[in-house]
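Engineer: Sequence first, then the predicted structure:
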Amino acid sequence: MCVVCGCGDTTADLDYGAGPARVSVPGMSQARAIKLEADVLGANDRVAAANRAHFAAHGVTAYNLVSSPGSGKTTLLCATIEYLKRHAPALPLAVIEGDQQTSHDADRIRATGASAIQINTGKGCHLDAPMVAEAFARLHLHSHAHVHDEHAHDHHHAESLLFIENVGNLVCPAMWDLGEAAKIAILSVTEGEDKPLKYPDMFAAARLMVLNKTDLLPHLDFDVPQCIAYARRVNPGIEVLLVSAKTGTGLDAWVEWLMHPPSA
Ligand SMILES: Nc1nc2c(ncn2[C@@H]2O[C@H](COP(=O)(O)OP(=O)(O)O)[C@@H](O)[C@H]2O)c(=O)[nH]1
Ligand SMILES: [Mg+2]
């Protein structure tokens, strides 16, 4: 007899996502949990839609970078900004940084010369659309003079870029729409190829999976084709790029992807 719940089975695995709410909240019924989630996400999604319209009106292509802590989001952003400074110096760009505490990452971005706003979420484990709306209002990205060249009305070519680095974890940011053109999941090869299967919501929500730290592959057992197969099992349409933010390998294709945002 199991001493915790009194059931007879002491070996069966536990699944707290099997109920209709897909989540267990102590002290709350499944029906109440569903209602609460619908209310909160509904409020968020209305602001996300306004963000999306606001970005479009200003020619801003926004990307929501999601990953576990330490996969290399900030390092990749710094490398991307340096790359763009060399190859597209006139392209306006800015960064919104999300972390529970500190402005370390915004400071790292500002050191490249780019504008950055830090959002500290306190106990929060993800950014939400109202936070991004408030941060965007502080950036001057939306007040830049539009360049009406041959690309100005070409919706397949980004006029300006907004990078949103979400709070590092592979769970919470998955279901929060910030108004981005795409979520981009960064997975470093030190994390293990099974992460898309273990955290399927994140990889299902992402348009692109970037495998980072490929410079370390010679030292690891990480199976790249297996990882891509796992990611496509949860999201058959997911695109994949391999990069090393440290050495610059793969940055050409990465920037090419960013500059030609996927259609909705
Ligand atoms: N070897 C290697 N290390 C990297 C690479 N990208 C990031 N790192 C390191 O990984 C650590 C975490 O990077 P950071 O950008 O802070 O990750 P974040 O938490 O996702 O923003 C730092 O020590 C980086 O120097 C890479 O491509 N190769
Ligand atoms: Mg970071």
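Structural biologist: On my side now, so go ahead. Ligands and ions are numbered 1, 2, ... in the order given.

Engineer: shaky segments in the stretch 51-200 of the chain?
Structural biologist: Judged by pLDDT under 70, the stretch 51-200 of the chain has its weakly predicted residues at 142-156.

Engineer: where along it do the strands fall?
Structural biologist: In chain order, the stretch 51-200 of the chain shows strands spanning 60-66, 93-99, 115-120, 160-165, 182-188, with DSSP state E, counting those that start in this stretch as the criterion.

Engineer: any chance of those in TSV, with mean neighbour count too?
Structural biologist: Glycine gets a C-beta too; all of them are placed from N, C-alpha and C. Formatted as TSV, the strands of the stretch 51-200 of the chain follow (neighbours: other Cβ atoms under 10 Å):
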stretch	mean neighbour count
strand 60-66	26
strand 93-99	26
strand 115-120	20
strand 160-165	26
strand 182-188	25
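
Engineer: of those, which approaches H126 most closely?
Structural biologist: Nearest to H126 among those is strand 93-99; the distance by Cβ to Cβ comes to 7.6 Å.

Engineer: From the contact counts, what lies against the closest one?
Structural biologist: Helices and strands touching strand 93-99, as assessed by 3 or more Cβ pairs under 8 Å, 6 or more residues apart in numbering; DSSP states H and E, comprise helix 73-87, helix 104-110, strand 115-120, helix 129-138, strand 160-165.

Engineer: Comparing the ones you listed, which comes out most buried?
Structural biologist: Each of the helices and strands packed on strand 93-99 was assessed for mean neighbour count using mean count of other Cβ atoms under 10 Å. The highest is strand 160-165, with a mean of 26.

Engineer: Whether that one contacts ligand 2 - can you check?
Structural biologist: No. Where contact is defined by Cβ under 5 Å from the ion, no part of strand 160-165 touches ligand 2; the two come within 5.6 Å at best.

Engineer: Tell me what angle that strand forms with strand 93-99.
Structural biologist: Here strand 160-165 points in a direction 10 degrees away from that of strand 93-99 (axes from the mean of the first three to the mean of the last three Cα atoms, to 10 degrees).

Engineer: Just the C-alpha atoms of strand 160-165, please, in CSV.
Structural biologist: What follows is the C-alpha trace of strand 160-165 in CSV, where atoms were taken according to Å, rounded to 0.1, in the frame of the first residue of the first chain:
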residue,chain,number,x,y,z
SER,A,160,13.6,47.0,-38.5
LEU,A,161,14.2,44.2,-35.9
LEU,A,162,13.0,43.9,-32.3
PHE,A,163,14.5,41.0,-30.4
ILE,A,164,12.7,39.9,-27.2
GLU,A,165,14.8,37.7,-25.0
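
Engineer: Mind listing the strands it pairs with, and their directions?
Structural biologist: Strands adjacent to strand 160-165 in the sheet, as given by DSSP bridges, are strand 60-66 (parallel), strand 93-99 (parallel).

Engineer: that older thread, columns distance to M28 on top of the helices and strands packed on strand 93-99, output as CSV?
Structural biologist: Below are those laid out as CSV (distance: least, Cβ to Cβ, whole Å):
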stretch, distance to M28
helix 73-87, 33
helix 104-110, 34
strand 115-120, 28
helix 129-138, 24
strand 160-165, 30
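
Engineer: Ok, which of the ones you listed comes nearest L251?
Structural biologist: Distance to L251, taken as Cβ to Cβ, is lowest for helix 73-87 among the helices and strands packed on strand 93-99, at 5.3 Å.

Engineer: List the contacts of that closest one.
Structural biologist: Judged by Cβ atoms under 8 Å, 6 or more residues apart in numbering, the contacts made with helix 73-87 from elsewhere in the structure are 65, 67, 91, 93, 95, 97, 105, 108-109, 111-114, 161, 163, 165, 168, 186, 210, 212, 243, 245-246, 248, 251, 254-255, 258.

Engineer: do the same with stretch 113-120
Structural biologist: Contacts of stretch 113-120 with the rest of the structure, by Cβ under 8 Å, 6+ apart, involve 81, 85, 93-103, 105-106, 109-110, 127, 131-132, 135, 138-141.
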